[in-house]
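*Asks:* Return atomic coordinates for the entry below.
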Amino acid sequence: MGHGSSKSSSSDESTNGSGSTSKSCSSRRERIKKKLDLHRHLRRRGDRSSSGSHSGHPKLISLEDFAGIALVTLISAEMKFRDKWLACISIGEQTFRTETSEQTIKPQWNSEKKFLLERNGPHVAKISVFETNRLSKNHLIGYCEVDLFEFLSRDSDYGFEVFELLDPSSPDVVVGNISISCSVEDPTETEKSFARRILSIVDYNGDGMLSFSEFSELINVFGNQQAEKKKAELFKAADKNGDGVVSMDELATLLAMHQEKEPLINNCPVCGEFLEVSDRLNSMIHMSLCFDEGTGNQIMTGGFLTDKQASYGWMFKLSEWAHVSSYDVGLNSGSSASHIVVFDRKKKRLVEEIIDGKIVLSMRAIYQSKVGLGIMDKGAKELLQSISEKQGKKMNSPESAKDIPAFLKFFKDQINMAEVKYPLHHFKTFNEFFIRELKPGARPVACAERDDVAVCAADCRLMAFNTIEESLRFWIKGKKFSLRGLLGDIPCSDTFIGGNLVIFRLAPQDYHRFHFPVSGKIEQIVDIPGCLYTVNPIAVNSKYCNVFTENKRAVSIISTEDFGKVAFVAIGATMVGSITFTKKKGDYVRKGDEFGYFSFGGSTVICVFEKDSIALDEDLLAYSARSIETLVSVGMQLGVSVRKRPQLPLPDIKNITIY
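*Replies:* Down below sits the predicted model:
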């Protein structure tokens, strides 16, 4: 291993008297430095994810949730035509891509990536294949979704599986196939494999042994000054069989023992990040993900939020470099970037909301500048109203039906026609399609028999806040937004002071019928006239206008046993001139029942709960606190009642007369 034998005694190896030994130590240090520099290069190239921690590695909350470290390899594909190809894998908040293949019908990648698997975390990976023969951006040809837990439970004679690639425009059409392998490192094996990776840094001849000098250099890399002072003691403790070298198993035992009591490792030897002494498991996972085992396989490039971002061509990269556009999650994505990235709650990964670039530019010019809103104040509001009315008439005409195929093509992988109640030829106008109904059971209602569980009111991008003040800090930037401004002059508006606020934003591609989040009685429905600003985050995040308090809206009050009063506000938007209700004042309704629909465009529902009446789901609050919208469906759980029902007094049995 390196210079000299691994079997040399510790006393001989530690001698500094001879020039040859000094040169040997110096040489080893240089080799270690070069190896670590290589690891750091690979780390920067393969793990520039923005998932929250400094390093980009996701953090595990508890040992019980640790399912292992998965190694996924995108091996090859077979497509229907010849081109240059790249593949992406998205899971959770991370997306990675392969290099581009040669011009071929059977691209070969052999690209691998390691992922932390949590029992309750993201485990469905989306694999996307793009053809790259384009200047501005690449074209998505096919995709598949792979449940890694399910994949790992199967037995395969070949060590890999072949998955069909589906056409994003027509998910029932197969456009090719992709070969994928996946293996998981059992949690109990993580420490041993970690030790093997560490040992490989200085194991130059591959015999799996560390001499004392190599062991000493490894301790130096760990950044623990106390451990550096007692290297000989640690080496002796590790060398259980007294043969003068430390094996992989002996190193693993030493690390495990000391990480529990007195950790040896303060800094990751690959990326140099400081590791929390108290967080042993995450430190082990972090370092395991940092190391590459030198298989020779291509490491995927990371740092992307979605497969669409990973696939963008040189024109997009140039525009980013020139600050013409940006690509990020959260508030910046809505207010200043040219893309909206949201978290899909069902699939547990980031997805991009499709929006026409020209519309983004025009909205930014209007809503993110004083000049634009000044134009609004001088008659453009009336113009928007006029445009909406004309567009509404156009979308109700028989001629508008011809626009449906183009609409479906634009939102090709975001509208599932298999869920729609009627076939496409049933819709005689565009608006009939826009307010389409879904098949019974397409949106199951969470805890249907429990009225103390509230559910999501729409297919939408959701923001949830414990107080209105939080919504102003994280999302709504209009200077004049207030609870009274939102609800108008309804008599019970003060009931909601200090209460929870939930925003359900519908995009044009969404199912546009809205449903009841709770069970109860409709006490009143009050129409409030107003403008028709867009409800896109570009406008909501503008400090120059107040979308939710100036737009046309209808405020409903629902009286419930479990949540008290709930305010349900349906808000109109650009090209949504009408809000239609299918229930009326006085009706008793069940959660999940349809309440009404919006005509063409995108719009919003806002629900306000009384103070101390609901505990909103933690994942919704956590993403909202990061200014990230969560993509949800009608009927998904929203929160649970914390309101105590009044207890009726027990009857006095002494005074009961029995007949």
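*Asks:* Which parts of the stretch 301-450 of the chain are strands?
*Replies:* 301-304, 340-344, 349-353 (DSSP state E, counting those that start in this stretch).
*Asks:* how many other residues sit next to the nearest residue to Val420 once chain neighbours are set aside?
*Replies:* Nearest residue to Val420, sequence neighbours excluded (CB to CB, 6 or more residues apart in numbering): Arg436, at 5.3 Å. Yep, even glycine has a C-beta here, placed from its N, CA and C like the rest. Other residues lying near Arg436 total 20 when counted by other CB atoms under 10 Å.
*Asks:* per-domain residue ranges of the chain.
*Replies:* Domain assignment of the chain by the TED database yields the ranges 66-186, 188-266, 325-396+443-658.
*Asks:* ranking those domains by mean pLDDT, which is last?
*Replies:* Mean pLDDT values for these show the minimum at domain 188-266, a mean of 75.
*Asks:* before we move on, the earlier item: how about the domains of the chain, which one is nearest Met284?
*Replies:* domain 188-266 (5.7 Å; CB to CB).
*Asks:* Could you double-check that Ser493 sits in contact with Leu487?
*Replies:* Yes. Using CB atoms under 8 Å, Ser493 is in contact with Leu487, at 4.4 Å.
*Asks:* re the thing from before, turn the strands of the stretch 301-450 of the chain into CSV, columns for mean neighbour count.
*Replies:* Formatted as CSV, those follow (neighbours: other CB atoms under 10 Å):
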stretch, mean neighbour count
strand 301-304, 21
strand 340-344, 22
strand 349-353, 21
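*Asks:* give me the number of residues near the nearest residue to Glu112 once chain neighbours are set aside?
*Replies:* Nearest residue to Glu112, sequence neighbours excluded (CB to CB, 6+ apart): Thr73, at 4.3 Å. Neighbour count for Thr73, taken as other CB under 10 Å: 22.
*Asks:* need the contact list for the residue nearest to Val420.
*Replies:* 420-422, 427, 511-512 (CB atoms under 8 Å, 6 or more residues apart in numbering).
*Asks:* Helices of the stretch 501-650 of the chain, start to end?
*Replies:* 537-540, 547-550, 618-625 (DSSP state H, counting those that start in this stretch).
*Asks:* Please report how far Phe516 lies from Arg119.
*Replies:* Per CB to CB, to the nearest Å, Phe516 is found 33 Å from Arg119.
*Asks:* swap that for Ser170, sorry
*Replies:* Between Ser170 and Arg119 the distance is 35 Å, computed by CB to CB.
*Asks:* do Gln225 as well
*Replies:* Taking CB to CB, one finds Gln225 at 37 Å from Arg119.
*Asks:* Specify which residue of these two has the higher count of neighbours.
*Replies:* Arg119 (12 against 9).
*Asks:* Isn't the more buried one up against Asp65?
*Replies:* Yes. Counting by CB under 8 Å, Asp65 is a contact partner of Arg119 at 5.1 Å.
*Asks:* Quick check: neighbours shared by the two?
*Replies:* Common neighbours of Arg119 and Asp65, counting by CB under 8 Å, 6+ apart, are absent.
*Asks:* Quick one: end-to-end length of stretch 556-570, please.
*Replies:* Start-to-end span of stretch 556-570 (CA to CA, to the nearest Å) is 8 Å.
*Asks:* list the buried ones in it?
*Replies:* In terms of neighbour count (16 or more other CB atoms under 10 Å), stretch 556-570 has its buried residues at 556-560, 562-570.
*Asks:* For these, give me JSON lines that also has distance to Asn267.
*Replies:* Listed next are these as JSON lines, based on distance: CB to CB, whole Å:
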{"residue": "Ser556", "distance to Asn267": "57"}
{"residue": "Ile557", "distance to Asn267": "58"}
{"residue": "Ile558", "distance to Asn267": "56"}
{"residue": "Ser559", "distance to Asn267": "59"}
{"residue": "Thr560", "distance to Asn267": "54"}
{"residue": "Asp562", "distance to Asn267": "51"}
{"residue": "Phe563", "distance to Asn267": "50"}
{"residue": "Gly564", "distance to Asn267": "53"}
{"residue": "Lys565", "distance to Asn267": "55"}
{"residue": "Val566", "distance to Asn267": "52"}
{"residue": "Ala567", "distance to Asn267": "52"}
{"residue": "Phe568", "distance to Asn267": "53"}
{"residue": "Val569", "distance to Asn267": "52"}
{"residue": "Ala570", "distance to Asn267": "55"}
